[in-house]
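With the input below, show me the fold.
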Amino acid sequence: MHVSISSAVPASLAQKFDKPTQGVTRASEPESPLLDKRVDFSHITPRQLQNYINERIFSNTIDPDEATSIMSQLSTYQMQDAPDVPFDLRAQMTGTMEFHQDRGDPLAAWYAHLIKRLDEMEAQSLRVDAFA
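Okay, the predicted model is just below:
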(Lines give C-alpha, C1' and ligand atoms only; values in the text may rest on other atoms or scores of the structure.)
Protein backbone atom coordinates (compact mmCIF):
# COMPACT_ATOMS: atom_id res chain seq x y z
CA MET A 1 0.00 0.00 0.00
CA HIS A 2 1.33 3.41 -0.96
CA VAL A 3 -0.25 6.46 0.65
CA SER A 4 -1.09 9.37 -1.58
CA ILE A 5 -1.81 12.88 -0.40
CA SER A 6 -5.28 12.79 -1.93
CA SER A 7 -6.37 10.20 0.65
CA ALA A 8 -9.05 11.39 3.03
CA VAL A 9 -9.92 10.32 6.54
CA PRO A 10 -12.11 7.22 6.26
CA ALA A 11 -15.73 8.04 7.11
CA SER A 12 -16.03 4.88 9.18
CA LEU A 13 -13.59 6.31 11.73
CA ALA A 14 -16.30 8.49 13.26
CA GLN A 15 -18.07 5.37 14.50
CA LYS A 16 -14.98 3.18 14.92
CA PHE A 17 -13.10 5.42 17.34
CA ASP A 18 -15.20 6.79 20.16
CA LYS A 19 -12.14 6.50 22.42
CA PRO A 20 -8.54 7.28 21.39
CA THR A 21 -7.32 3.69 21.69
CA GLN A 22 -10.46 1.70 20.92
CA GLY A 23 -10.26 -0.65 17.94
CA VAL A 24 -6.62 -0.01 17.10
CA THR A 25 -4.57 -3.02 16.12
CA ARG A 26 -0.98 -2.88 15.06
CA ALA A 27 1.52 -5.46 13.97
CA SER A 28 4.46 -5.94 16.29
CA GLU A 29 7.17 -3.48 15.40
CA PRO A 30 10.31 -5.36 14.38
CA GLU A 31 13.62 -3.62 14.21
CA SER A 32 14.28 -2.37 10.71
CA PRO A 33 17.27 -0.49 9.31
CA LEU A 34 14.83 1.71 7.38
CA LEU A 35 13.40 3.06 10.64
CA ASP A 36 16.70 3.90 12.37
CA LYS A 37 16.39 7.57 11.38
CA ARG A 38 15.42 10.26 13.88
CA VAL A 39 12.05 11.77 13.07
CA ASP A 40 10.71 15.07 14.42
CA PHE A 41 7.07 15.60 13.51
CA SER A 42 7.16 19.22 14.65
CA HIS A 43 9.76 19.98 11.96
CA ILE A 44 9.37 17.61 9.00
CA THR A 45 9.15 18.18 5.26
CA PRO A 46 6.30 16.70 3.23
CA ARG A 47 8.81 14.57 1.32
CA GLN A 48 10.34 13.23 4.57
CA LEU A 49 6.89 12.50 5.97
CA GLN A 50 5.82 10.64 2.84
CA ASN A 51 9.03 8.59 2.83
CA TYR A 52 8.75 7.81 6.54
CA ILE A 53 5.10 6.74 6.31
CA ASN A 54 5.84 4.60 3.25
CA GLU A 55 8.69 2.90 5.15
CA ARG A 56 6.30 2.17 8.00
CA ILE A 57 3.71 0.78 5.58
CA PHE A 58 6.22 -1.48 3.82
CA SER A 59 7.57 -2.74 7.16
CA ASN A 60 3.99 -3.34 8.39
CA THR A 61 4.48 -1.12 11.45
CA ILE A 62 1.60 1.31 10.97
CA ASP A 63 -2.13 0.83 10.71
CA PRO A 64 -3.39 1.81 7.21
CA ASP A 65 -6.04 4.13 8.69
CA GLU A 66 -3.35 5.91 10.72
CA ALA A 67 -1.15 6.31 7.64
CA THR A 68 -4.05 7.68 5.60
CA SER A 69 -5.09 10.14 8.31
CA ILE A 70 -1.53 11.39 8.83
CA MET A 71 -0.94 11.88 5.13
CA SER A 72 -4.28 13.68 4.73
CA GLN A 73 -2.74 16.53 6.72
CA LEU A 74 -0.63 17.43 3.67
CA SER A 75 -2.08 19.81 1.12
CA THR A 76 -1.55 19.48 -2.60
CA TYR A 77 0.42 22.74 -2.46
CA GLN A 78 2.84 21.31 0.12
CA MET A 79 3.62 18.23 -1.96
CA GLN A 80 3.78 19.96 -5.35
CA ASP A 81 5.23 23.39 -4.57
CA ALA A 82 7.00 22.99 -1.21
CA PRO A 83 7.97 19.32 -0.73
CA ASP A 84 11.19 20.25 1.08
CA VAL A 85 9.83 23.03 3.30
CA PRO A 86 9.48 21.87 6.93
CA PHE A 87 6.14 22.22 8.67
CA ASP A 88 4.75 21.35 12.09
CA LEU A 89 2.65 18.21 11.63
CA ARG A 90 2.00 17.98 15.37
CA ALA A 91 0.49 21.49 15.47
CA GLN A 92 -1.58 20.79 12.37
CA MET A 93 -2.99 17.61 13.87
CA THR A 94 -3.70 19.39 17.14
CA GLY A 95 -5.63 22.02 15.18
CA THR A 96 -7.59 19.30 13.39
CA MET A 97 -8.36 17.61 16.72
CA GLU A 98 -9.52 20.91 18.26
CA PHE A 99 -11.71 21.59 15.21
CA HIS A 100 -13.50 18.27 15.74
CA GLN A 101 -13.67 18.79 19.54
CA ASP A 102 -15.40 22.15 19.08
CA ARG A 103 -18.10 20.41 17.06
CA GLY A 104 -18.45 17.42 19.37
CA ASP A 105 -17.29 15.15 16.55
CA PRO A 106 -15.97 11.68 17.55
CA LEU A 107 -13.08 12.18 15.12
CA ALA A 108 -11.51 14.35 17.84
CA ALA A 109 -10.68 11.14 19.72
CA TRP A 110 -9.14 9.67 16.58
CA TYR A 111 -6.85 12.67 16.17
CA ALA A 112 -5.92 12.58 19.87
CA HIS A 113 -4.91 8.95 19.27
CA LEU A 114 -2.85 9.95 16.22
CA ILE A 115 -1.01 12.63 18.20
CA LYS A 116 -0.07 9.95 20.75
CA ARG A 117 1.09 7.72 17.88
CA LEU A 118 3.36 10.55 16.68
CA ASP A 119 4.96 10.54 20.14
CA GLU A 120 5.43 6.76 19.96
CA MET A 121 6.94 6.89 16.48
CA GLU A 122 9.34 9.66 17.49
CA ALA A 123 10.42 7.65 20.54
CA GLN A 124 10.92 4.54 18.40
CA SER A 125 13.12 6.50 16.02
CA LEU A 126 15.62 7.15 18.82
CA ARG A 127 18.09 4.29 19.07
CA VAL A 128 20.81 4.03 21.69
CA ASP A 129 23.96 2.17 20.72
CA ALA A 130 25.22 0.22 23.76
CA PHE A 131 28.72 0.10 22.24
CA ALA A 132 29.12 3.81 21.58
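
Could you use CA atoms for every contact and neighbour count after this?
Will do.

now Arg47: how far from Phe87?
11 Å (CA to CA, to the nearest Å).

Does Gln50 lie in a helix or a strand, and which?
helix 46-58 (DSSP states H and E).

for the record, mean pLDDT for stretch 79-86?
In this model, stretch 79-86 has a mean pLDDT of 94.

first to last residue in it, what's the distance?
End-to-end distance for stretch 79-86, by CA to CA: 11 Å.

try stretch 54-64
Stretch 54-64 end-to-end distance (CA to CA) = 10 Å.

Over to stretch 53-68?
Start-to-end, stretch 53-68 (CA to CA) is 9 Å.

May I see the buried residues of it?
53-57, 59-62, 64, 66-68 (16 or more other CA atoms under 10 Å).

Next: stretch 39-49.
Within stretch 39-49, the residues scored as buried using 16+ other CA under 10 Å are Val39, Asp40, Phe41, Ile44, Thr45, Pro46, Arg47, Gln48, Leu49.

Which residue comes closest to the second one once chain neighbours are left out?
Spelled out, it's Asp40. Nearest residue to Asp40 in three dimensions, chain neighbours excluded: Glu122, at 6.4 Å (CA to CA, 6 or more residues apart in numbering).

and what of Ile70?
Closest to Ile70 by CA to CA, 6+ apart is Leu114, at 7.6 Å.

Can you name every helix or strand that whichever strand or helix holds the one you found contacts?
Per DSSP H and E, Leu114 falls inside helix 107-124. Where contact means 3 or more CA pairs under 8 Å, 6 or more residues apart in numbering; DSSP states H and E, helix 107-124 is packed against helix 13-16, helix 89-102.

hang on, the earlier thing: got JSON lines for the buried residues of stretch 53-68, with distance to Thr96 and pLDDT too?
Converted to JSON lines, the buried residues of stretch 53-68 look like this (distance: CA to CA, whole Å; pLDDT from 0 to 100):
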{"residue": "Ile53", "distance to Thr96": "19", "pLDDT": "95"}
{"residue": "Asn54", "distance to Thr96": "22", "pLDDT": "95"}
{"residue": "Glu55", "distance to Thr96": "25", "pLDDT": "94"}
{"residue": "Arg56", "distance to Thr96": "23", "pLDDT": "94"}
{"residue": "Ile57", "distance to Thr96": "23", "pLDDT": "95"}
{"residue": "Ser59", "distance to Thr96": "27", "pLDDT": "94"}
{"residue": "Asn60", "distance to Thr96": "26", "pLDDT": "95"}
{"residue": "Thr61", "distance to Thr96": "24", "pLDDT": "93"}
{"residue": "Ile62", "distance to Thr96": "20", "pLDDT": "94"}
{"residue": "Pro64", "distance to Thr96": "19", "pLDDT": "94"}
{"residue": "Glu66", "distance to Thr96": "14", "pLDDT": "96"}
{"residue": "Ala67", "distance to Thr96": "16", "pLDDT": "96"}
{"residue": "Thr68", "distance to Thr96": "14", "pLDDT": "95"}
